[in-house]
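Undergrad: Mind looking at a prediction? Sequence and model below.
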Amino acid sequence: MQYGELDKRSLDILARAIHDHLPGLTTLELNGNMVDAEDECIENVREALKSHGHEDALDELDDMEEPGEDDEEQKEDEDDEEDKTELKQEEAAQKPNAVVDKATDALAELMGRVAIGGDSL
């Protein structure tokens, strides 16, 4: 059950299932799930295993993810995408201005060559 993205609710259900239906469970690996290793649901799992005499069945929990950690990472990724989108929109908005500026310069140069009356350059 490692890295199964199990949360507190899931592990509470697992603890009840172990207690009620899995007396033969001798090894359980929960590392990498979405709960603090010190959470009450982990203690519930330990107690359920202990009720069947398998208090050492739970493997070390040294790579548990903090609840909400993925949410923060996802929000940061979304913010980065928004920033990139805004930058692209700004660049796209500047391109027509650059075209207009270039055309204006070309028109000004042409107008500088125009003469009214008999004087021409």
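TA: Noted; the coordinates are in hand. For clarity, every value in this text was computed on a predicted model and none was experimentally measured.

Undergrad: all helices of this structure, in order?
TA: 8-21, 40-51, 69-113 (DSSP state H).

Undergrad: Dump the ones you listed to TSV, plus mean neighbour count and distance to residue 31.
TA: All C-beta atoms are positioned from the backbone trio N, CA, C, and that covers glycine. Shown next, in TSV, are those (neighbours: other CB atoms under 10 Å; distance: least, CB to CB, whole Å):
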stretch	mean neighbour count	distance to residue 31
helix 8-21	16	12
helix 40-51	18	11
helix 69-113	10	15
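
Undergrad: Among these, which comes closest to residue 33?
TA: helix 8-21 (7.1 Å; CB to CB).

Undergrad: quick one, what contacts residue 62?
TA: Contact analysis of residue 62 by CB atoms under 8 Å, 6 or more residues apart in numbering lists 31, 37.

Undergrad: What distance do you get for it to residue 48?
TA: 21 Å (CB to CB, to the nearest Å).

Undergrad: sorry, back to before: export the helices of the chain as a markdown table, with columns for mean pLDDT and distance to residue 2.
TA: Formatted as a markdown table, the helices of the chain follow (pLDDT from 0 to 100; distance: least, CB to CB, whole Å):
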| stretch | mean pLDDT | distance to residue 2 |
| --- | --- | --- |
| helix 8-21 | 96 | 13 |
| helix 40-51 | 96 | 14 |
| helix 69-113 | 77 | 16 |
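
Undergrad: Please tell me I have it right and residue 65 contacts residue 30.
TA: No: counting by CB atoms under 8 Å, residue 65 sits too far from residue 30 to count as a contact (11.5 Å).

Undergrad: okay, the two: which has more neighbours?
TA: residue 30 (24 against 16; other CB atoms under 10 Å).
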